[in-house]
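**Q** Generate a structure from the sequence data that follows.
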Amino acid sequence: MAVRGCLALIITVLVGGQSHANPLLDPGDILLRHDLELLNDSGVINVPLTAWPLSVGDIDESLRAIDDSTLSLSVAAAFARVKNQIATETNVNESRIAFDVSASVEPRFIRTFEATPRDEGEVGASFAWVGERISVRLAATGIANPFDGDDFRPDGSYVGVALGNWMLTAGWQDRWWGPSRDGSLILSSNARPTPGVMLQRNSSQPFRTKWLSWMGPWTLTTFMSELDDERAVANARLFGIRGTFRPPKTGLEIGFSRTAQWCGDGRPCSLGTFGDLLLGKDNRGVNIDPENEPGNQLAGVDIRWKLPGETPVALYMQWIGEDGRGGGEGIGSWLRQIGGEFWGEVGSIRHRTHVEVSDSTCRQGGFGFSDQVPGCAYHHSIYSTGYRYQSRAIAHAMDGDGLSYSIGSTLVQSAGQVWNVSLRHMEINRAGSTRPGHSVSATPAEITDFQVSHARRFDFGTIRVGISTNRKNGLASGDDSTDMGGFLQWSSH
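**A** Model (predicted):
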C-alpha cells in the first residue's frame, strides 16, 4: 500500500474507547537512554528498552508507581529528568513547535545510536500535537549538500491513532532494534527512515494468564515500509516484526526480530506471497520455484543480561541469520555481535561504559562458528541493491563483511550535561566483495574513528557540539588518509 494511502487510512479511522494516543520516543537521545537504562538496571522500573521508538505511555505508566524519596541521588536525578520529559510529551491537546539547526564538517557516515547530523547543513522545524486518540508530528528539514540528493526531507513525521493498547502510525520513523550501542545487525538508524506504517504495543503490561505471565513485560512492533529510492527492484517493500520481553527477577531482556525485502516492480506482491514469506517458503529450488521467491530475509535473537544483585554490569549479544543455506531450508549463515557495559560514579559524574564487537561476515553452522561466506551479508541476487536505503546500510553502518571493535562511554554531570566518547576500529569489506553497492568501501579498508560530543541545555534551547577524527587505510590501493570533522547543533527543545 502506498504511503499516501496509508496516511489517509489512519486519519479517517474512527476509534472507540478512552485510550490516549501516546507519542513515541525516537532513537538517538543518549541522555534519555542512559537515564532509562539506569532506572531499569536499578530495579526502579521494568520496561523493555531494546525496540526503539519507545512508547511514552509505557514509561509514564511505570514512573507513576515510583516513590522517588527512596532513590539514591543519581537515580533520583535520572528519574526527575525522565519524568519531566515524559510530562512534556503527554500534554494532551497542546501543540509544540520546535526548531533545529546544525552545521557539520565531514559528517559521520558510519553512525551509531547517537543522533549526529547526516549532512553538512541542516535546518528543520517540527509541529507536534497529542489528542485523546490521535497524535501528529510533522517535521521538515532543508539540507545543504545532501549525500543522497534530497534537499528536503520529511523524516520524523508521522500520524498516529490509538487502537486500545496499540498505536498505529504512518510516516517516516527511525528505528533501532537490539541492545547494542554502535550498530544493530538487523535494523538501525544509520540509514534515513523509510516511509511506511507501523503497529506497536503501547503498554508492556504482562500477560495475566499463568501460562504466559512468566514472560513479564512484553512489547510487539511490526511495520511495512516502502523503499522508494533508486533500486534494482523499484518500489520494493521492507517488512519487519519484533517481540521483546523481560522475565521478572532474571535481569534478562530477550528480543526476536525479523525483516524482509519483498514485492516491488516485476516481483510477486500478493497476500499469498506475503504468507509464503511469513512461513519461510522462500528458498528457491528447495521449497519454492525461483520465479515465485518472496524476498530477502533476516531473522535472529538478541539478549541483554544484567548481572544479579547490585553488580553494575550487563552483557549482551545479537545473532542475526541470513535467509537460507545452499541446498537446504532455514537460516544457514549468521552475523554475530557481543558486548558488555558497566556503570558507576566518579565524583559527581555518572558514567555508562561499553565494549562491543560486531562481525557482519556470514558464518555457517548452527550458531555461526563454521566457515565464512563472503559476499553474503546484506546482499541478495534478486534484490541486488542490497539491504540498504539511499546508499546507506539499513542495519550495521559498516555494511557487510565487516568487523568492528568499539569502546565508548556516556558521562552525565550532576546538572544533566552529557558527554559521549567513542573509539572504533573497523575492518571494512574484508572479502573485497565484487557485488555492487557496498555503502562504505568498494575495496577492503581499515577505519579508525574517534568522536567526542557534548550536549548542554540552556533557557534558549540545547547546544550540542562534537569533534571527530577518522583515519582510513585502503588496503588494496595503499592510500592512507586522516580527516578531522565536527558538528555544531542547536535545538529549541
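**Q** the strands in the stretch 301-450 of the chain, which residues?
**A** Remark: strands assigned in the stretch 301-450 of the chain by DSSP state E, counting those that start in this stretch are 313-325, 328-346, 349-364, 372-373, 388-389, 392-393, 403-412, 418-428, 445-458.
**Q** in the longest helix seen in the chain, what counts as buried?
**A** For the chain, the longest helix by residue count, based on DSSP state H, is helix 73-89. Buried residues in helix 73-89, counted by 16 or more other Cβ atoms under 10 Å: Ser74, Val75, Ala77, Ala78, Phe79, Arg81, Val82, Lys83, Gln85, Ile86, Glu89. Heads up, the C-betas are built off the backbone N, CA and C, glycines and all.
**Q** which other helices and strands contact it?
**A** helix 30-41, helix 56-63 (3 or more Cβ pairs under 8 Å, 6 or more residues apart in numbering; DSSP states H and E).
**Q** Comparing the ones you listed, which yields the minimum mean pLDDT?
**A** Mean pLDDT values for these show the minimum at helix 56-63, a mean of 93.
**Q** ok, back up a step: of all the helices and strands packed on helix 73-89, which lies closest to Ile349?
**A** For Ile349, the closest of these is helix 30-41, at 11.9 Å, according to Cβ to Cβ.
**Q** what's the offset of that closest one from the middle of its chain?
**A** 16 Å (Cα atoms, centre = their mean, to the nearest Å).
**Q** Stretch 484-493 now?
**A** 21 Å.
**Q** now it: mean pLDDT?
**A** 94.
**Q** which of the residues in it are buried?
**A** In stretch 484-493, counting by 16+ other Cβ under 10 Å, buried: Gly485, Gly486, Phe487, Gln489, Trp490, Ser491.
**Q** swap in stretch 229-236?
**A** Under 16+ other Cβ under 10 Å, the buried positions of stretch 229-236 are Asp229, Arg231, Val233, Ala236.
**Q** Now do the buried residues in the helix or strand following the longest helix of the chain.
**A** Sequence-wise, the next helix or strand downstream of helix 73-89 (DSSP states H and E) is strand 95-105. By 16+ other Cβ under 10 Å, the buried positions in strand 95-105 come out as Asp100, Ser102, Ala103, Ser104.
**Q** Show me what strand 95-105 pairs with in its sheet, parallel or antiparallel.
**A** strand 121-130 (antiparallel), strand 480-491 (antiparallel) (DSSP bridges).
**Q** got a list of contacts for it?
**A** With Cβ atoms under 8 Å, 6 or more residues apart in numbering as the test, strand 95-105 has contacts from 88, 116-117, 119-129, 141, 484-493.
**Q** starting at the chain centroid, how far to it?
**A** 21 Å.
**Q** Partner strands of the one helix or strand Ala170 maps to and their direction?
**A** Applying DSSP H and E as the criterion places Ala170 in strand 166-172. For strand 166-172, the paired strands and their directions (DSSP bridges) are strand 158-163 (antiparallel), strand 195-201 (antiparallel).
**Q** Let's have these in CSV, adding mean pLDDT.
**A** Output for these, formatted as CSV (pLDDT from 0 to 100):
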stretch, mean pLDDT
strand 158-163, 94
strand 195-201, 97
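**Q** now for those strands, which one comes closest to Val373?
**A** strand 195-201 (30.1 Å).
**Q** Which is the succeeding secondary structure element to the closest one?
**A** Following strand 195-201 in sequence, per DSSP H and E, is strand 218-227.
**Q** is Ile288 in a bridge, and if so with what?
**A** According to DSSP bridges, beta-bridge pairing links Ile288 with Arg284.
**Q** Counting neighbours, what do you get for it?
**A** 16 (other Cβ atoms under 10 Å).
**Q** do the same with Arg258
**A** Residues near Arg258, counting by other Cβ under 10 Å: 21.
**Q** Check Thr50 too.
**A** The number of residues near Thr50, taken as other Cβ under 10 Å, comes to 24.
**Q** same deal with Gln318?
**A** Residues near Gln318, counting by other Cβ under 10 Å: 28.
**Q** And for Thr311?
**A** So Thr311, with other Cβ under 10 Å, has 11 neighbours.
**Q** Identify the residues contacting the residue sitting nearest the centre point of the chain.
**A** Closest residue to the average C-alpha location of the chain: Trp176 at 1.1 Å, with Cα atoms, centre = their mean. With contact taken as Cβ under 8 Å, 6+ apart, Trp176 is in contact with Pro27, Trp52, Phe113, Ser184, Leu187, Ser188, Ser189.
**Q** Ok, Asn165 next?
**A** Ser19, Arg201, Asn202, Ser203, Gln205 are the contacts of Asn165 under Cβ under 8 Å, 6+ apart.
**Q** Asp29 now?
**A** Ala115.
**Q** likewise Ser204?
**A** Applying Cβ under 8 Å, 6+ apart, the residues contacting Ser204 are Val47, Pro48, Ser55, Asp58, Pro217, Trp218, Thr219, Arg246.
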